[in-house]
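**Student:** Next input, structure requested:
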Amino acid sequence: MKYVVFLISLASTLGLAIALSINFGQTPPLGLLLDPFHGIWQNAYSEDEVYQDEIRMRNITSDITVQYDKHLIPHIFAQNEADLYRAQGYVTAQHRLWQMEFQTMAAAGRVSEIVGSRAIDFDRMQRRKGLGYGAEAGLHELHLNDTVSLKWIEAYSDGINQYINSLNYADLPVEYKLLNYRPEPWTAYKTVLLLKYMADMLVGDKDIEYTNMRSLIGEEWMADLFPDLPENVDPVIENDRKWDFTPLQVERPQNLNYPNEAILIEPLPDHEPGIGSNNWAVAGSKTESGNALLANDPHLSLNLPSLWYIMQLSTPTYTVKGATLPGSLGIISGFNEHIAWGVTNATRDVRDWYSISFRGEDRTEYLYNDQWINSSLKLEEIKVKGQSSFIDSVIYTHYGPVVYDKNFRSDNQLTNFALKWTAHMGSNEQLTFIKLNSAKNHQDYLDALDHFTSPAQNFVFASTTGDIAMKVQGRFPLKWDQQGKYIMDGSDPVYEWQEFIPSAHNPSTLNPNRGFVSSANQHSVDNSYPYYVFDNSFEHYRNRRINRQLEQMSKITIEDMKNLQFDNYHLHAAEALPVMLQYVLDDSADVNIQGVEEIIHLLQTWDYFTHPDQKAPPIFEIWWKNFEHMAWNKWKINNRPTVLPNKYQTTVLMQQNPNHEAFNDPSTDRVENAGLLVRESFQKTVSDYTAWISEEAGDTWSDYKQTSIQHLIPNFKSFSFEKIETGGGRGMINATSERHGASWRMVVELGEKINAYGIYPGGQSGNPGSKYYDNFIDRWAIGDYLNVDLRDQNQKGDLLFSTTFKSN
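**Tutor:** The predicted structure is shown next:
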């Protein structure tokens, strides 16, 4: 039945691909596509039907066994790391080759080679951000300082390429056939580039938006609406932490100069709201078993093939299992016989923008410290399917690439904004995960983290000895107060990054008195930390809900941890809605509107959980969006990007200072305050909500949210899944929104025997024709986890099939 559905859906996708190919300039070869022996029909299979008992592999020193369990999870048993990573590369490519290559081509700004001219702007953006530039620096770092890791990355690449070389047209993943291209050789550069791509996915900035907002509302309101450390912060590192180091000193310069004129550009896309993560670990003193427990669920885009791929990697010295990123070595979030670890985004400002003053229109020299400094020019050739190449001229300064200029996203001849970013630096994030995979204790974990630069992450840790820990790890510039919040003058060295905070000074904690550690993308520290910490996107709700629950819980079990990952409590609504309702109830005119009684009753009786079948959450969501729009839309000006107050600070202002002048719109002939805007937004909400339930023929949270998991090519809709019934949402522990959510959930008990569970929205196979392409989705939606315990090579249960790599 799976294959019948696949072939029917493939017919519509094929029609779309052919229609799109008119625009791409090259029609897929229909004879090959429809050939029953080589074309798309050859992709209607599942892996357990076509496996090989033996595969000949070059460059291995001994046989390698790969056992697949009933979920198509591979368990690789090798005698050394080089063989292990070579097999990992081959096996991953068997199931995710197209995804691996497409993601790295997106990172490199090469999508136009696949889909044509419609991707030119995207490719220019990727290249101007300097992801390739950063990957080249990372690869140079490996050649210079870590030839061992480089050797293993090259072994991984060799495994991928041996698989690629084994393919004929019939064997190609269906996307290659529909888009009419073939895979190219994998290189170590691509593995480094993939990790830089993750930095780009997880790091954002709003320097330009903050600069424009400052010029609009002034410093005083900036402090009110965008405080660096809001009240009631519940940081990653507990508030009573004592800092046992002598910090580096940096002084804020006098007479700082920021732009006051409007900056009119089309800003780069920021990372999507909802991208974040949760992790926590609980000490044995709070668990039923007396063993430490660890949980991790990264929140990212919900795509197919899935971002993650579950594997076990075993050598005679260690066994590790968990989620890996196809294209990178080792396990990213997982566990071995001794420890478990997980990651969340640490949301620190490590991207700064500098305004560059060039000497002439040729931009060969720029002003710095009262001298003219030579710039460099890089001609980026963007190959375009079906037409001639597009050449983009990108200027580089000592800060980094000039991203915004007269040729890209600005019409102003004087706009020249250069990007300085830690991801441009030589780094070796891959070594962190290689070391974590074989780590045995807390010191090994710390040693592994020292190699991690970008994107900054909160690494949670637990061990079989009972230790729990958290460290905020990345390479953080030593900044003076407010440095990097606004666009800086690139001609003045006072705005330069001077040094980096030593890794030993990064916030961390080991076995805190409260018996748990946690992170959810919130502020890393309170104001006792002796360094300036800033970002534009700290979380304010998930972190407080997690910590309140963990503080109250005792005798915690694995099931409790799973349930907490699926907690749908809407803390923002619990704090904002009572105030909003009171404003409405104080005005009888609002209450007497037709149909309002039922809406008010739904809101008044709501328990603030967002289960899929509840009716109150859509009303609150519509109301809050209307209120925010009425309050802050006055600051949205065409082509003048600004940052608007977040929902946390808006709620605080509404509660504590409802008559703040910021709520007033001076362009009107009346004086607005929070109460007035809440009441008027409620009236609009009644109308909007009534229209929505009439148009959508649904009235539940699941109907409103419409969670979907899209194929990486969104137009391939038959390879995607829509309207998945889920609860939760942004700002909730179960952060499943329309297009984002828990991309991987893991819970591990660190006892004498490791007990581990995990799930993600997708399946192990990247082939839409396989039953293993989407078989986890229903389980993911309802919280039905897979058991992912470590597997012994002699274990026979749940064995789907086994393959042996033999020396060629």
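**Student:** in a helix, that's where Tyr176 is, yeah?
**Tutor:** Yes - remark: Tyr176 belongs to a helix, assigned using DSSP: H, G, I helix; E, B strand; the rest coil.
**Student:** residues touching it, list them.
**Tutor:** Trp98, Arg182, Pro183 (C-beta atoms under 8 Å, 6 or more residues apart in numbering). For every residue, glycine as well, the C-beta is placed using N, CA and C.
**Student:** Just name the closest of these to Asp567, please.
**Tutor:** Using C-beta to C-beta, Trp98 comes nearest to Asp567 of the contacts of Tyr176, at 35.5 Å.
**Student:** Tell me how far the closest one lies from Gly342.
**Tutor:** To Gly342, Trp98 is 28 Å away according to C-beta to C-beta, to the nearest Å.
**Student:** the more surrounded of the two?
**Tutor:** Gly342 (31 against 21; other C-beta atoms under 10 Å).
**Student:** What helices and strands are in contact with the helix or strand containing Gln67?
**Tutor:** Gln67 is located in strand 64-69, with elements delineated by DSSP states H and E. Where contact means 3 or more C-beta pairs under 8 Å, 6 or more residues apart in numbering; DSSP states H and E, strand 64-69 is packed against strand 74-77, helix 81-108, strand 799-807.
**Student:** can I get the ones you listed in TSV with mean pLDDT and distance to Phe534?
**Tutor:** Shown next, in TSV, are those (pLDDT from 0 to 100; distance: least, C-beta to C-beta, whole Å):
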stretch	mean pLDDT	distance to Phe534
strand 74-77	99	42
helix 81-108	98	27
strand 799-807	97	49
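**Student:** Pipe those into a markdown table and attach distance to Asn767 per row.
**Tutor:** Output for the helices and strands packed on strand 64-69, formatted as a markdown table (distance: least, C-beta to C-beta, whole Å):
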| stretch | distance to Asn767 |
| --- | --- |
| strand 74-77 | 15 |
| helix 81-108 | 8 |
| strand 799-807 | 16 |
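**Student:** Go through these and name the closest to Glu365.
**Tutor:** Short answer: helix 81-108, nearest of the helices and strands packed on strand 64-69 by C-beta to C-beta, at 29.4 Å.
**Student:** immediately after that closest one, which helix or strand?
**Tutor:** Next in line after helix 81-108, if elements are assigned by DSSP H and E, sits helix 112-115.
**Student:** now the helix or strand just after that next one: how far from the chain's centre is it?
**Tutor:** Counting by DSSP H and E, the next helix or strand C-terminal to helix 112-115 is helix 120-129. Distance of helix 120-129 from the chain centroid (C-alpha atoms, centre = their mean, to the nearest Å) equals 19 Å.
**Student:** what about helix 120-129, average pLDDT?
**Tutor:** What helix 120-129 shows for mean pLDDT is 98.
**Student:** Repeat that for stretch 770-783.
**Tutor:** 97.
**Student:** Now that stretch: buried residues?
**Tutor:** For stretch 770-783, a neighbour-count test (16 or more other C-beta atoms under 10 Å) marks Ser770, Lys771, Tyr772, Tyr773, Asp774, Asn775, Phe776, Ile777, Trp780, Ala781 as buried.
**Student:** what sits against Gly426?
**Tutor:** With contact set as C-beta under 8 Å, 6+ apart, Gly426 has these partners: Ala137, Gly138, His140, Glu141, Leu144.
**Student:** Any figure for the gap between the first one and Val596?
**Tutor:** Read that as Ala137. Note on Ala137: its distance to Val596, by C-beta to C-beta, is 60 Å.
**Student:** go on, the third one?
**Tutor:** Going from His140 to Val596 by C-beta to C-beta gives 65 Å.
**Student:** Those two: which is more packed in?
**Tutor:** Just comparing His140 and Val596: by other C-beta under 10 Å the higher neighbour count belongs to Val596, 16 against 12.
**Student:** Can you pull out the low-pLDDT segments for the stretch 251-400 of the chain?
**Tutor:** The model of the stretch 251-400 of the chain has pLDDT under 70 over residues 272-275.
**Student:** Which parts of whatever helix or strand Leu367 lives in count as buried, going by neighbours?
**Tutor:** With secondary structure defined by DSSP H and E, Leu367 is part of strand 365-368. Neighbour counts using 16+ other C-beta under 10 Å place Tyr366, Leu367, Tyr368 of strand 365-368 among the buried residues.
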